[in-house]
Every structure is written in structure tokens, then in C-alpha cells.
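Chemist: Sequence plus predicted model, see below.
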Amino acid sequence: MMFQLQKIVWRPTGLLVWIIVAGWTACAEGQTTKSDSRVGQKIIVTKAGAELKTPEATVWKAYPGEVFTIALVNGEWLWIQERSGWMWEKDGVMFDKAIRVTSDRLAKNPTAEAYNVRGVVFLAHKNYDRALKDFSASLVRSPRNPGVLNNRGQCHYLQKDYPQAIADFTEALELNPKHFVALNNRALVRIELKQFDHALRDIQAALKLNPKYPEALLNRGVINEETGQSKKAIADYTAAIKIDKAYAGAYGNRAFSYRRAGMYAEAIKDLRTAMKLEPSNFEPVNDLAYTLATAKNNQIRNGPEALALAERASEMTDIEHWNVLDTLAVAHAEVNDFDSAASAVTRALELAPEDERKKVLAHQELIAGEKPIRE
């Protein structure tokens, strides 16, 4: 998951689902092809620990609910560019067909696991109400299942029902004290509640159980950043990147910390890396635009590029995201187009959540005075 601070996105992530399914297979042999109809489609992981491999090693063990894009096909093996590894097709279900496929399976065999798997699919589709119903139905059939409790806790978290989320994660941990994912997830709730001491204890416990857990390292970085310890935050994000070199969120978070420390060149480099890793994600595009438009360092600011990036982020979000509109306004101001800036910031203010309105209002005031924004 994510939240934002001063435009640059820094993300407490790793709210992950958990399904216990046994099984392993070796990599298939055959011709790889880009012409297969599966290429370009998305697939939802439905097996806990699904292995993504190269001939030399396992490069990633996936979490249920992760969504990948298929770049190449080799029989039943799918090349996942985001992780630079091959995934067995049966460890997931195609995103566009996932609800129908898992519903058909459930109709034929309404087991606790079938409800849980469909819940994972609904979760990936951001249909949290339906996911919550399926996880609850699973728990009726198999009470006190720590994995499903963790999944249901995630739904409560996403619906901002924080007390119930903590209750589910806590029950999952009572049943399985080694459930490091539930520890990480409970920490996320506590970050939202600004209970940083409790969140840090959960993260430290998760890392003790799994020292190479990049999401927990990233979330510890978020706690450190929130508590004014940017150097420690940068170290945590760097550690997460060492474990997962394709972790776009860690690059985005580290860029935030670099920017806060006035290390603009490093921040820009990380944001460009995040853009390459997640080309369909508007957030690093938006963050880079904001950095180039508002940097206090004259040698860093680049109004024309900032505006081009802000317009690109606007296109990616159909010009209906308050944060992107605010960045667009800031970029227009940087190139002295204050009429366009005023129009964009007014729309941003209409869409902004209550806790962000103060910052947008401050930008609106500066733009009304035909002054650029510096942060």
C-alpha cells in the first residue's frame, strides 16, 4: 500500500495474502514465443511461494495476489520481466478471466480453500467487499486459519477498518507466531494509526523471522522517515533494493528520502529507475515532475521537462487525480503559465482529500500571486 507526503510518494507496502498450497515443478523445455495470446496479459498469483526461476536459481518466491505481466511464453512457463524469472502457469490465473474461473471452481467444489482463492482474486481486482465475504465464508468452513485471517485483515485495512484489521492479524499471529507476513501487515495498520513504536516492534519481529523480507525493510524505512530519521530510512530502502533489484516502490521511497535530504541528483536517478521498472505507474512520473518543478537547487530544476512529465502523468490518470493535477499546476507555474496553473490547482483542490487540502491551498495562493513553488 502507499501514502503520500509532500508529493513524493513513499509507500508502506507488503500487505500480502497467504494461501497454503503444496507442490513444485521443474522448468519446462520448449520454444519461447512472443506471438502467444498470453503475452501481454496479466496473471494473478494464487500459490504461496510460487517460484520464479532461471536455469541457475530461484529469483523470487511470489505472494498470492501479486499481479504480473507475461512477457514471453514457453509452454506452461511464463516469463515475468518484472522479476526476470519463469513462472509456472498453474501457480496463477489470468487476470481478466480470474473471477469467472475461480467462481466456476467454487461452484463445483465450495471448499474453504476455493473461497480463499477467489477472495485473493477479488482482492487483486480491488473488489474488497466481495473479497471480505469470501474470506469470511472460508473461515466458516475452516475456522481459525491464520492465512485466511491475514487475508481478511487486509480487506479490513483497505476499507480503513483498522481495529478489525488488527484483530484479524493478531488472531493470525496467535495461531501462528511465525507468520511474518501478518506481523508486517499489522505494522502497516499501526503506521496508519501513527503508532510507530508498536509498528517498529512488529517489523523487527518479522525481520527476525525473515531477514531477507524486502517489504518489511521498506516499511521500517517508512517508520524511520516518519520519525525524522532519513539516513536510516535510506539505509533500509537500499537494503530492500539489494534483496529485490526490481523493487520500484523502494526506489520511489528512497527518492523521497533523498529529496528531503536535498540529494536531488540521487532522487532523480531513483525515480527514473522506478519509471523503467513500472512504466504503467503514474506515481514516479508524477514525483519526478514535481521534483524538477520545485527543487530549490537552480541547477536541478527543469520546467519544460517537469511540464512534459506532468502532462504524461495526467494522461495516465485521465486528468482526474488530485495529486497529479496539483503537480501539473506547479509545473505550469514553473514555466510562467499561471493561467493554466490556476485552472489545474482549482481542480486539484476540488478533488483533494481533507488532509491534503492545506498544501494545495498553499500552492493555490502562490500561483494566484504568480509565484513559483519551492519545496
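Modeler: Happy to help now that I have it. Predicted model, so just to flag it, every value in this text is computed and none were measured.

Chemist: buried sites along the lengthiest strand in the chain?
Modeler: Secondary structure of the chain per DSSP state E: the longest strand is strand 67-74. Within strand 67-74, the residues that count as buried by 16 or more other CB atoms under 10 Å are 68-70, 72-74. (Each C-beta comes from the backbone N, C-alpha and C, glycine too.)

Chemist: gap between stretch 182-202 and the chain center?
Modeler: 17 Å (CA atoms, centre = their mean, to the nearest Å).

Chemist: Am I right that residue 318 is in a helix?
Modeler: No. Counting by DSSP: H, G, I helix; E, B strand; the rest coil, residue 318 is located in no helix; its state is coil.

Chemist: circling back: average pLDDT for the longest strand of the chain?
Modeler: Taken as a whole, strand 67-74 has a mean pLDDT of 93.

Chemist: Residue 366 and residue 302, how far apart?
Modeler: Per CB to CB, to the nearest Å, residue 366 is found 19 Å from residue 302.

Chemist: let me fix that: residue 54
Modeler: Distance, residue 54 to residue 302, by CB to CB: 39 Å.

Chemist: Of these two, which one has the most company?
Modeler: residue 302 (19 against 13; other CB atoms under 10 Å).

Chemist: Residue 43 contacts residue 97, correct?
Modeler: No. With contact defined as CB atoms under 8 Å, residue 43 and residue 97 do not form a contacting pair (10.0 Å).

Chemist: out of these two, which sits in the busier spot?
Modeler: A direct count of neighbours by other CB under 10 Å for residue 43 and residue 97 places residue 43 higher, at 24 against 14.

Chemist: List the beta-bridge partners for the more buried one.
Modeler: Taking DSSP bridges as the rule, residue 43 bridges to residue 68, residue 94.

Chemist: secondary structure class for residue 86?
Modeler: strand.

Chemist: Pretty sure it sits against residue 79.
Modeler: Yes. Using CB under 8 Å, residue 86 is in contact with residue 79, at 5.8 Å.

Chemist: my read is residue 150 is in a helix, agree?
Modeler: Yes. Per three-state DSSP, residue 150 lies within a helix segment.

Chemist: Okay, buried residues for stretch 133-140 please.
Modeler: For stretch 133-140, burial by neighbour count (16+ other CB under 10 Å) applies to 133-135, 137-139.

Chemist: Make TSV from the residues you listed and add secondary structure, distance to residue 319 and pLDDT to it.
Modeler: TSV is the format used below for the buried residues of stretch 133-140 (DSSP: H, G, I helix; E, B strand; the rest coil; distance: CB to CB, whole Å; pLDDT from 0 to 100):
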residue	secondary structure	distance to residue 319	pLDDT
133	helix	34	98
134	helix	35	98
135	helix	35	98
137	helix	40	98
138	helix	40	97
139	helix	42	98
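
Chemist: okay, residue 60: pLDDT?
Modeler: pLDDT for residue 60: 87.

Chemist: What are the phi and psi values at it?
Modeler: For residue 60, the backbone dihedrals are phi -160, psi 140 (criterion: degrees, to the nearest 10).

Chemist: Tell me what it is bridged to.
Modeler: residue 52.

Chemist: From residue 368, how far off is it?
Modeler: Counting by CB to CB, the separation of residue 60 from residue 368 is 49 Å.
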